[in-house]
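Participant: structure of the sequence below:
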Amino acid sequence: MAADLTVRAAHVAGIRERAQAEMERLGVDAAFIDLLVETFYGRIRAHEHLGPVFEQRLAGRWPDHLIKMKSFWSSVAFKTGAYGGKPVQAHLDVEGVYDGLFAEWLTLFRATLDDIAPNEEAAQWFMGTAERIARSLVLAMFYNPALDDPTNRRPTPAL
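Facilitator: Take a look at the predicted model:
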């Protein structure tokens, strides 16, 4: 049992070391994560569609949310395991969310990366991660397996 724990700890340490080295190679550090989160959510708040949805949910709690998002992105980038939240559950009961908002979220995230990422490779890494996150949230929140059943589909009208 102790040997298994030692092997697991070494494996986790290796993952974190590789992540740290990769982020360092990309020019990403804790200061960049802070800048990314602060800049992006500042833009979210000003966005005509995203702003009201976020404000309705986070009014009076923005500082806590920013801390949580910095922890989240640090955990993702550096594989620290520091973030222990449940993103799907956190988004399920947000009033005013619809699947199309995720495309706007991604567009705004990309524009933020274009403006502040240390280089295009870092921007691509964060963008790819954000796209996977958005896709998983959309599937969790809006996917209905019954729609994949051909017997439940309406015929497309002929033009």
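Participant: what about the helices in the chain?
Facilitator: Applying DSSP state H to the chain gives helices spanning 2-26, 30-46, 50-58, 62-78, 87-92, 100-116, 120-142.
Participant: name the helix or strand of this structure that has the lowest mean pLDDT.
Facilitator: The helix or strand with the lowest mean pLDDT-type score in the chain, counting by mean pLDDT, DSSP states H and E, is helix 87-92 (a mean of 78).
Participant: how about the CA coordinates for that helix, as CSV?
Facilitator: Taking Å, rounded to 0.1, in the frame of the first residue of the first chain, the C-alpha atoms of helix 87-92 are listed here in CSV:
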residue,chain,number,x,y,z
PRO,A,87,-18.3,23.7,-13.0
VAL,A,88,-21.3,21.9,-14.5
GLN,A,89,-23.4,22.2,-11.3
ALA,A,90,-22.4,25.8,-10.9
HIS,A,91,-23.7,26.6,-14.4
LEU,A,92,-26.9,24.5,-14.4
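Participant: for that helix, give me every contacting residue.
Facilitator: 72, 97, 133, 136, 137, 140, 141 (CB atoms under 8 Å, 6 or more residues apart in numbering). In short, each C-beta sits where N, CA and C put it, glycine included.
Participant: likewise for stretch 43-60?
Facilitator: Outside stretch 43-60, the residues that touch it by CB under 8 Å, 6+ apart are 41, 62, 65, 94-97, 101, 104-105, 108, 111-112.
Participant: ok, residue 32 touching residue 113?
Facilitator: No: Residue 32 lies out of contact with residue 113 (CB atoms under 8 Å); the separation is 10.5 Å.
Participant: which neighbours do these two share?
Facilitator: With contacts taken as CB under 8 Å, 6+ apart, residue 32 and residue 113 have residue 122 as neighbours in common.
Participant: returning to what we had before: by mean pLDDT, show me the worst of the helices of the chain.
Facilitator: Among the helices of the chain, helix 87-92 carries the lowest mean pLDDT, a mean of 78.
Participant: can you give me the buried ones in that one?
Facilitator: Across helix 87-92, burial judged by 16 or more other CB atoms under 10 Å covers no residue at all.
Participant: can we start the residue count at 42 from this point?
Facilitator: Okay, residue one is now 42; in that scheme the one you just asked about reads as helix 128-133.
Participant: list phi and psi for residue 127.
Facilitator: Per-residue torsions, residue 127: phi -120, psi 90 (degrees, to the nearest 10).
Participant: number of nearby residues for it?
Facilitator: Counted by other CB atoms under 10 Å, the residues lying close to residue 127 total 8.
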